[in-house]
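K.L.:
What would the 3D arrangement of this be:
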Amino acid sequence: MTKTALILIDIQKDYFDCGLMALDGMDVAAANAARLLVAARARREPVLHIRHIAGSAEAPFFRPGTLGSEIHETVRPDPGETIIEKIRPNAFIGTGLEQALRAVGIEHLILCGAMSQMCVDATARAAADMGFAVTVVGDACAAASVSYGSVSVPSSHVHAAIMAPLAASYGKVVTTDDIEGSRAAGNGQTALQSA
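P.N.:
Got it, this is the predicted structure:
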């Protein structure tokens, strides 16, 4: 059976309403991530928390040593769960993430977190390129609204524009209910990775 790990990406306080970079839908995404976390713990699957720390105290958010850079209590790590700090969107760059996964034979990654268009996207693509099977839980991710030139794009459209190419070329994009239903049926990785 394929060995799976849950990776929670940047579910940090600055992304919530009281933070410096509040994202639309972050509360819902975090609640769904918490459901995934409870289920992974119950199955005794490896859980890795990714924490972004900005390189400067002048950064717009995730400043070193601040409350906003801490992992949100919704998905607070348990003792023994791995926390990996990064400074780039791709959680594999300059970290021990790949080594930690390979050391315990992980082949399949379930990814959730924020932001959809940055760290989730970069990490999912890198993981697929490294040969991991990738499942992104879309409703456990949140995006920011963005603009380019005179075009403003709402967060829901940004999120959809990222999930669509991930699903087309890099892995599966599913919902939290899909994961729970598949696992309850006893066909966890097989159902998520097939077709």
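
K.L.:
What number of residues are in the vicinity of Leu67?
P.N.:
Applying other CB atoms under 10 Å, we find 11 residues neighbouring Leu67. Where C-beta positions appear, they are placed from N, C-alpha and C, glycine not excepted.

K.L.:
Any figure for the gap between it and Gly19?
P.N.:
Taking CB to CB, to the nearest Å as the measure, Leu67 falls 9 Å from Gly19.

K.L.:
Quick one: mean pLDDT over the longest helix along the chain.
P.N.:
Longest helix in the chain by number of residues (criterion: DSSP state H): helix 26-42. Averaged over helix 26-42, pLDDT sits at 97.

K.L.:
do stretch 58-78 as well
P.N.:
For stretch 58-78, the mean confidence score works out to 97.

K.L.:
for stretch 163-178, same thing?
P.N.:
97.

K.L.:
Now do the strands in this structure.
P.N.:
Using DSSP state E, the strands found in the chain span residues 4-9, 47-52, 82-86, 108-114, 133-142, 146-148, 151-153, 172-174.

K.L.:
Tabulate the ones you listed (JSON lines), appending mean neighbour count and distance to Ala39.
P.N.:
Shown next, in JSON lines, are those (neighbours: other CB atoms under 10 Å; distance: least, CB to CB, whole Å):
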{"stretch": "strand 4-9", "mean neighbour count": "26", "distance to Ala39": "8"}
{"stretch": "strand 47-52", "mean neighbour count": "22", "distance to Ala39": "10"}
{"stretch": "strand 82-86", "mean neighbour count": "16", "distance to Ala39": "18"}
{"stretch": "strand 108-114", "mean neighbour count": "27", "distance to Ala39": "10"}
{"stretch": "strand 133-142", "mean neighbour count": "26", "distance to Ala39": "11"}
{"stretch": "strand 146-148", "mean neighbour count": "10", "distance to Ala39": "32"}
{"stretch": "strand 151-153", "mean neighbour count": "11", "distance to Ala39": "32"}
{"stretch": "strand 172-174", "mean neighbour count": "21", "distance to Ala39": "13"}
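
K.L.:
between those strands, which gets nearest to Ala59?
P.N.:
Ala59 lies closest to strand 47-52 among those, at 9.8 Å (CB to CB).

K.L.:
other SSEs contacting that closest one?
P.N.:
Counting contacts by 3 or more CB pairs under 8 Å, 6 or more residues apart in numbering; DSSP states H and E, strand 47-52 packs against strand 4-9, helix 26-42, strand 82-86, helix 97-103.

K.L.:
So for Tyr148, which of the ones you listed sits nearest?
P.N.:
Closest among those, using CB to CB: helix 26-42, at 22.4 Å.

K.L.:
Now the closest one: buried residues?
P.N.:
Buried residues in helix 26-42, counting neighbours by 16 or more other CB atoms under 10 Å, are found at Met26, Asp27, Ala29, Ala30, Asn32, Ala33, Ala34, Arg35, Leu36, Leu37, Ala39, Ala40.
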